[in-house]
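Novice: Sequence and predicted model, in that order:
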Amino acid sequence: MIRRIDITGKKFNMLTVVKYSHTKNNKAHWHLKCDCGNDKILDSGALKMQQSCG
């Protein structure tokens, strides 16, 4: 199993990491909250590219 770094509370553009969600295909997925109030789940690799929930 790959060791996961806890990024809870970090902000990526308009998205804030709320908590760890699950692992799929050896990628950690995170529950995020957008500044507009919407929720989203993304994997770690997509966080840097994603600007907002839209």
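Specialist: Sure, I can see it.
Novice: For Y20, grab the count of nearby residues.
Specialist: Burial of Y20 is recorded as 14 neighbouring residues (other C-beta atoms under 10 Å). (C-beta placed from N, C-alpha, C; glycine too.)
Novice: can you tell me which residues contact it?
Specialist: Under the criterion of C-beta atoms under 8 Å, 6 or more residues apart in numbering, the neighbours of Y20 are 4, 6, 8, 28-31.
Novice: Now it: which helix or strand?
Specialist: strand 15-24 (DSSP states H and E).
Novice: Next secondary structure after that strand?
Specialist: Following strand 15-24 toward the C-terminus (DSSP H and E): strand 27-34.
Novice: which stretches of the protein have low pLDDT?
Specialist: Residue ranges of the chain with pLDDT under 70: 1-2.
Novice: hmm, try it at 50
Specialist: Within the chain, not a single segment meets pLDDT under 50.
Novice: Who is the residue at minimal distance from the centre of the chain paired with across the strands?
Specialist: Taking C-alpha atoms, centre = their mean, the centroid of the chain lies closest to W30, which sits 3.7 Å from it. Applying DSSP bridges to W30 gives these bridge partners: Y20, L42.
Novice: ok, and the most crowded of the contacts of Y20?
Specialist: Most surrounded of the contacts of Y20: other C-beta under 10 Å gives W30, at 24 neighbours.
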